Structure formats: C-alpha cells, structure tokens
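Student: with the sequence up front, the predicted model follows.
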Amino acid sequence: MMDRTGIFAGDDPFVIAREWLDEATKSEINDPNAMALATVDQDGLPNVRMVLLKEISADAFWFYTNYQSAKGRELEHSGRAALVLHWKSLRRQLRIRGNVTREDGAAADAYFASRSLKSRLGAWASHQSQPLESRGALMARVAKITAQKGTNPPRPDFWGGFRLEPVEMEFWADGAFRLHDRFVWRREGPENEWEIQRLNP
C-alpha cells in the first residue's frame, strides 16, 4: 500500500491542493497564491512568468489576464500550460500540467467586478505585452479611460479568465538530506481516473 499519509493523504488532488494553499495563506508573507505559469510560443520557445491563482475549483485551476498579452496569445495557440506554486515557508511545491480553456462568461464578469476600480481601469488602459513609449503615455491612457468609463467599467472583451484542467499534478515536500517526498497524480483526461505514483527525490 502506498504510504501517502499526513500532508499527502486524500483521494482528491484538488482537495489536497486547496489544503496546501490554505496552509500557505497562514505562513507566506506575500501572495501565497503566486504561481509561475509556463507557456510556449508558436516556435515552441518556452515562456514563464508569475501570475496569481484565483481559484481551485473541483476540476481546474483559474487565473485571469489580458487575452492579447503574450501569455494570452500563447495559451490560445497551444491550449496547454504548466504551472508551479512554491511555498518557501512550508518547504513545499505543487507542479501542474494540463489543458487550458478560455472562460470569458459570468465567472470572468464577476471576478472583474470584484477588483479595485483602479485595477479595472488599468486593465482597459494597458495594451499588455506591447511596446510602451513611456510611463507618461500609459498614465495619460488611464486618465482618458477613467473619463470614458466612469466608476463602474465593464469587463473588456479582451480580458478574462483561463482554466487549467490538469492531466498531471505533482505534490513535493522537502526532506532531510534532499530525500524529498514526491507524489505524482496522472490521468489521460478529465474523464479518466487518476493514477498515483511515488517518485524518487
């Protein structure tokens, strides 16, 4: 019988992921939901950047961005991504790979409305990942958008959510003498059962 006890115990990797994130919110100084999101461009060249995880649902990991940004375009092109959450205070990390779909309906509207007014106006003003003449030019666009959109700007059609449905999730915890604990959950797709393996450090 596989020795998945303690922090690795459970039959649902999404539940375990939420438990780890909940623990991290108590010990990480800043942004326990910060994650590295990896994509590839049309030439297969990898890209990685830090973004904020906004939800772990029953079957997916959710985040939001400008669809016209480099990551937005790369996600649309490949339909796949990888991410990692690293919690230094807990000496743990969670690695995830899977398929990505756009979510630009009610969930995206609700999340956009929950953001601060300045963040909503900034989303309208920023041509994310595109060349920028100067900080002054950006602030001028923010001022123009503020005058146009007022105090309740709607979600732009170029901004919204992505959900990553994992085909692989690896839970890693630091061990003495670098003898780390690693358990990987794999499946062919969302309709398939998970297979779990312990990995060498």
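Tutor: That came in fine, so what should we check first? Numbering: from 1, shown residues only.
Student: where do the helices of this structure begin and end?
Tutor: For the chain, the helices defined by DSSP state H cover 13-27, 70-78, 106-114, 117-125, 135-149.
Student: elements contacting the last one?
Tutor: Under the contact definition 3 or more CB pairs under 8 Å, 6 or more residues apart in numbering; DSSP states H and E, helix 135-149 sits against helix 117-125. For the C-beta atoms, the positions are set from N, CA and C on the backbone; glycine is no exception.
Student: select, out of the helices of the chain, the one closest to V51.
Tutor: Nearest of the helices of the chain to V51, taken as CB to CB: helix 70-78 at 7.5 Å.
Student: F171 against A9, yeah?
Tutor: No: here F171 lies out of contact with A9, judged by CB atoms under 8 Å, at a distance of 10.7 Å.
Student: those two: who's more crowded?
Tutor: Ranked by neighbour count (other CB atoms under 10 Å), F171 and A9 place F171 first, with 22 against 10.
Student: nearest spatial neighbour of the more buried one, chain-adjacent residues omitted?
Tutor: F183 (5.0 Å; CB to CB, 6 or more residues apart in numbering).
Student: which among the helices of the chain is found nearest to M35?
Tutor: Nearest of these to M35, taken as CB to CB: helix 13-27 at 10.0 Å.
Student: buried sites along the closest one?
Tutor: Residues of helix 13-27 classed as buried: 13-14, 16-17, 20-21, 23-24 (neighbour count, 16 or more other CB atoms under 10 Å).
Student: sorry, back to before: who does the residue nearest to F171 form a beta bridge with?
Tutor: Here F183 sits in beta bridges with F171, R198, going by DSSP bridges.
Student: from here on, call the first residue 9.
Tutor: Yep, numbering from 9; the last one is F191 now.
Student: just give me the neighbour total for it.
Tutor: 20.
Student: contacting residues for it?
Tutor: Counting by CB atoms under 8 Å, 6 or more residues apart in numbering, F191 touches 12, 16, 178-179, 204-207.
Student: what is the neighbour count of D165?
Tutor: 8.
Student: quick one: residues contacting it.
Tutor: Contacts of D165 (CB under 8 Å, 6+ apart): D112.
Student: let me know the pLDDT of it.
Tutor: We note a pLDDT of 95 for D165 in this prediction.
Student: separation between the most centrally placed residue in the chain and R143?
Tutor: In the chain, the centroid-proximal residue (CA atoms, centre = their mean) is L61; its distance is 4.0 Å. Distance of L61 to R143, given as CB to CB, to the nearest Å: 28 Å.
Student: what do you get for G106?
Tutor: Going from G106 to R143 by CB to CB gives 37 Å.
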